[in-house]
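Participant: this one's sequence-less:
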């Protein structure tokens, strides 16, 4: 199963819900899930924050769902 779809369905959300959060058309979000178009980095960042996971997990680079620890610089900016 597609990871984006799996994560979305785990939260009992519809594509339109995530599309609204991302400020994109539902049809574009559907294409992300179907892997018909590449996901922009800015969208990947939002998705990884929303689902509390890493971009690597979204892109199938790892099977670990947990996000990476925050860097010192990132911690200081929050």
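Facilitator: Received the coordinates, thanks. What you see is a predicted model, and the numbers here were worked out from it, not measured in a lab.

Participant: list the contacts for the residue nearest the centre of the chain?
Facilitator: Central residue of the chain (Cα atoms, centre = their mean): residue 47, 2.6 Å from the mean position. By Cβ atoms under 8 Å, 6 or more residues apart in numbering, the contact set of residue 47 is 4, 7, 18, 22, 39, 58. For glycine as for every other residue, the C-beta is placed from the backbone atoms N, C-alpha and C.

Participant: over to residue 48?
Facilitator: Counted by Cβ under 8 Å, 6+ apart, residue 48 has contacts 54-55, 57-58, 67.

Participant: tell me the one of the residues you listed nearest residue 35?
Facilitator: Lowest distance from residue 35 to the contacts of residue 48 (Cβ to Cβ) belongs to residue 58, with 11.3 Å.

Participant: quick check: that closest one vs residue 49, distance?
Facilitator: According to Cβ to Cβ, to the nearest Å, residue 58 and residue 49 sit 11 Å apart.

Participant: who has more neighbours, those two?
Facilitator: Set residue 58 next to residue 49 and count neighbours by other Cβ atoms under 10 Å: residue 58 wins out with 19 against 11.

Participant: list the buried residues of the lengthiest helix in the chain.
Facilitator: If you go by DSSP state H, the chain has its longest helix at helix 41-51. With burial defined by 16 or more other Cβ atoms under 10 Å, the residues of helix 41-51 counted as buried are 43-44, 46-48, 51.

Participant: for the host helix or strand of residue 27, name the packing helices and strands.
Facilitator: Using DSSP states H and E, residue 27 maps to helix 26-33. Contact partners of helix 26-33 among helices and strands, from 3 or more Cβ pairs under 8 Å, 6 or more residues apart in numbering; DSSP states H and E: helix 3-10, helix 15-22.

Participant: and the ones you listed as TSV, adding distance to residue 34, mean pLDDT and mean neighbour count?
Facilitator: Below are the helices and strands packed on helix 26-33 laid out as TSV (distance: least, Cβ to Cβ, whole Å; pLDDT from 0 to 100; neighbours: other Cβ atoms under 10 Å):
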stretch	distance to residue 34	mean pLDDT	mean neighbour count
helix 3-10	9	96	16
helix 15-22	10	98	16
